[in-house]
Structure formats: C-alpha cells, structure tokens
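[1] here is my input; please provide its structure:
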Amino acid sequence: GVQNGVIDRELVDKALYNSYKMRMRLGLFDGKKTKQNAYTRISTDVVQQESHVQASLNAARKTMTLLKNDKKILPFTKGKVVAVIGESSNSGEDILG
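    Take a look at the predicted model:
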C-alpha cells in the first residue's frame, strides 16, 4: 500500500509507534522478565475462546458508525480541517485500539 501510494508512510509509522508503545507498557520487550508479565501467561486458547470472539464481534457491531456521503465529502482531500469533539478527542491513549 505504501509503495503504491495508497497508504501514507507517516500513517503506518504512527500506527506502528502506537502498537510498540503499548507493547512496551505491557512489558512484552522486557526479555527475561516477560514470564512475570500476566499477559504473557494467558494462553491463546483462552484469548481466542468462542465466547470472547463473539463478545468482541458484538461490541464492534454495536459501536460501528456508518457515514452518509451524500455531498461527496469523503474521502477528505489533503489540507481539509476536521473537528474531533468529545471527552477523548485530545487523548492519544484512548485511540490506541
């Protein structure tokens, strides 16, 4: 996507930065200390339990937002200004998904 110009390299860099920042906070790069990290002791069969998958899918469906594009505003052109409003609008941590 980056090579074809579909995705901006800065967007990929930011996403990777956020991902690695969260992994650092979880202690996933602590080497020998990794076994002491509670998250590393959770087996994949627990994480991928059908009930967890269904709960995640249900949450995603309930929070999905569809946008009408009647006036052909989307996708935004470079230089367009967009207001992000709400309690978490200025919190980098809240958008780490």
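[2] avg pLDDT for the helix or strand containing Val53?
    Val53 is part of helix 50-63 when elements are defined by DSSP states H and E. For helix 50-63, mean pLDDT is 90.
[3] what's that helix in contact with?
    Outside helix 50-63, the residues that touch it by C-beta atoms under 8 Å, 6 or more residues apart in numbering are Val46. In this view, the C-beta of every residue, glycine as well, is placed from N, C-alpha and C.
[4] tell me which helix or strand Ile85 sits in.
    Short version: Ile85 belongs to no helix or strand, going by DSSP H and E.
[5] quick one: pLDDT of it?
    Value for Ile85, per-residue pLDDT: 84.
[6] same question, Leu28
    Leu28 carries a pLDDT value of 72.
[7] what's around it, how many residues?
    Residues within reach of Leu28, counting by other C-beta atoms under 10 Å, total 15.
[8] how far away is it from Ser43?
    Look at Leu28 and Ser43: by C-beta to C-beta, to the nearest Å, they are 16 Å apart.
[9] list the buried ones in the helix holding Val53?
    For helix 50-63, a neighbour-count test (16 or more other C-beta atoms under 10 Å) marks nothing as buried.
[10] starting at the chain centroid, how far to that helix?
    16 Å (C-alpha atoms, centre = their mean, to the nearest Å).
[11] format the CA atom coordinates belonging to it as PDB.
    Extracted in PDB, the C-alpha atoms of helix 50-63 (Å, rounded to 0.1, in the frame of the first residue of the first chain):
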ATOM      1  CA  GLU A  50     -15.500 -18.500  21.100                       C
ATOM      2  CA  SER A  51     -17.300 -16.500  23.800                       C
ATOM      3  CA  HIS A  52     -14.600 -13.900  23.600                       C
ATOM      4  CA  VAL A  53     -14.700 -13.700  19.900                       C
ATOM      5  CA  GLN A  54     -18.400 -13.300  19.900                       C
ATOM      6  CA  ALA A  55     -18.300 -10.600  22.600                       C
ATOM      7  CA  SER A  56     -15.700  -8.700  20.600                       C
ATOM      8  CA  LEU A  57     -17.800  -9.100  17.400                       C
ATOM      9  CA  ASN A  58     -20.900  -8.000  19.200                       C
ATOM     10  CA  ALA A  59     -19.100  -4.900  20.700                       C
ATOM     11  CA  ALA A  60     -17.800  -4.000  17.200                       C
ATOM     12  CA  ARG A  61     -21.200  -4.200  15.700                       C
ATOM     13  CA  LYS A  62     -22.800  -2.100  18.400                       C
ATOM     14  CA  THR A  63     -20.200   0.700  18.100                       C
END
